[in-house]
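>>> From the sequence below, what's the structure:
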Amino acid sequence: MTIVEAARNTPIDSRQKFFVAQSFGGDTLIYPTIPNEKAQIYFGDIEALAHEGLLSLGYGSKGTPNFDVTPLGFKYYEYLKKKMGEPVERIVRTVRTYLDSNNFIKAYPTAYEKWRSAEELLWETDTKQQLTLIGHLCRESIQEFANYLISTHNPPNAPTDKSKTVARLKAVFAKKADSLGDSKKAFLDALVSYWGTVIDLIQRQEHDSQKERQPLVWEDARAVVFQTLIVMFEIDRNL
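Numbering: from 1, shown residues only. Here you go, the predicted structure:
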């Protein structure tokens, strides 16, 4: 998983082979996006992955091992993520279970389906078109989520334009505020700011980071999908 994610977090036109530096002190994996704490490895593991067809192993002119991830390796990564689940914090599994529940799906069917489609794409290939499509799906998910809140709470003077999600959310919270204490009001205000920041991330993803002129990588898509999940969870739980 570390190897595949390191490859995916490198722009496609900047990717290179992985190298293994071997010494009496141990084996070290060399690649631009491998953090130091994950660079210490056992070369036998690399040989085992290559034996299974997940890596294509070779040797340089001086005998330095190098390798790439094979198509089978990328597919196996996808399988692990979809079938076995990502080993993340317990709270993330709790949030995902909440969104997968019948109550949430019934309340926000279109928003959920858009988000689920984005999440499935996250574990597949990482082409430029796929990364921007993830942003597009998350934007539609956020808009449909806000649309349901408007139809349910019916706040006065709320914008009818689906793209004005921040103003629509503020209108919903304003109507709800009279029944809340000061601490809860402050938390809802913070959620509006959080919501706006997530939307900025989504727009950057959908438009291929054109303003910042930085190529999108897999980690950008992961952040967008994850934060879209969390912000919908928190808002639904607090209204």
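
>>> What is the burial count for K17?
Using other CB atoms under 10 Å, K17 has 13 other residues around it. To be clear about C-beta, it is placed using only N, CA and C from the backbone, and glycine gets the same treatment.

>>> check contacts around it.
Taking CB atoms under 8 Å, 6 or more residues apart in numbering, we find K17 in contact with 58, 66-68.

>>> go again using 10 Å as the cut-off
30-31, 56, 58, 60, 65-68 (CB atoms under 10 Å, 6 or more residues apart in numbering).

>>> Just the pLDDT at it, thanks.
Note on K17: pLDDT of 94.

>>> residue ranges with poor pLDDT in this protein?
In the predicted model of the chain, residues 37, 83-103, 125-126, 209-213 satisfy pLDDT under 70.

>>> Could you rerun that using 50?
Under the criterion pLDDT under 50, the flagged ranges of the chain are 86-89.

>>> now the strands for it?
Listed in chain order, the strands of the chain (DSSP state E) span 18-23, 26-30, 40-41, 55-59, 65-69.

>>> What strands flank the third one, and is each parallel or antiparallel?
If I follow you right, that is strand 40-41. Paired neighbours of strand 40-41 in the sheet (DSSP bridges): strand 26-30 (antiparallel).

>>> Okay, helices next: where are they in this structure?
Secondary structure of the chain (DSSP state H): helices at 2-8, 43-51, 71-79, 90-99, 102-107, 109-122, 128-153, 165-177, 182-206, 218-238.

>>> just to revisit the earlier point, so which of the strands of the chain is the most packed in?
strand 65-69 (a mean of 18; mean count of other CB atoms under 10 Å).

>>> re the thing from before, closest to Q227 out of the strands of the chain?
Nearest of the strands of the chain to Q227, taken as CB to CB: strand 65-69 at 27.0 Å.

>>> which outside residues touch that closest one?
Outside strand 65-69, the residues that touch it by CB under 10 Å, 6+ apart are 3-4, 6-8, 15-22, 27, 29-30, 43, 46-47, 49-50, 54-60, 73, 76-77.

>>> what's the domain layout of this protein?
According to automatic domain parsing, the chain comprises the domains 2-72, 88-238.

>>> Please identify the most buried of those domains.
Sort the domains of the chain by mean neighbour count, taking mean count of other CB under 10 Å, and domain 88-238 sits at the top with a mean of 16.

>>> So what's the gap between that domain and the chain middle?
With CA atoms, centre = their mean, to the nearest Å as the basis, domain 88-238 stands 12 Å off its chain's centre.

>>> ditto for stretch 229-239
Taking CA atoms, centre = their mean, one finds the center of stretch 229-239 at 17 Å from the center of the full chain.

>>> In CSV, please show the C-alpha coordinates belonging to that stretch.
Output of stretch 229-239 as CSV, limited to C-alpha atoms (Å, rounded to 0.1, in the frame of the first residue of the first chain):
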residue,chain,number,x,y,z
LEU,A,229,-17.9,12.6,4.1
ILE,A,230,-17.0,14.2,7.4
VAL,A,231,-18.7,17.6,6.8
MET,A,232,-22.0,15.9,5.7
PHE,A,233,-21.8,13.6,8.7
GLU,A,234,-21.4,16.5,11.2
ILE,A,235,-24.1,18.7,9.8
ASP,A,236,-26.6,15.9,9.6
ARG,A,237,-25.9,14.9,13.2
ASN,A,238,-26.2,18.5,14.5
LEU,A,239,-29.5,19.6,12.8
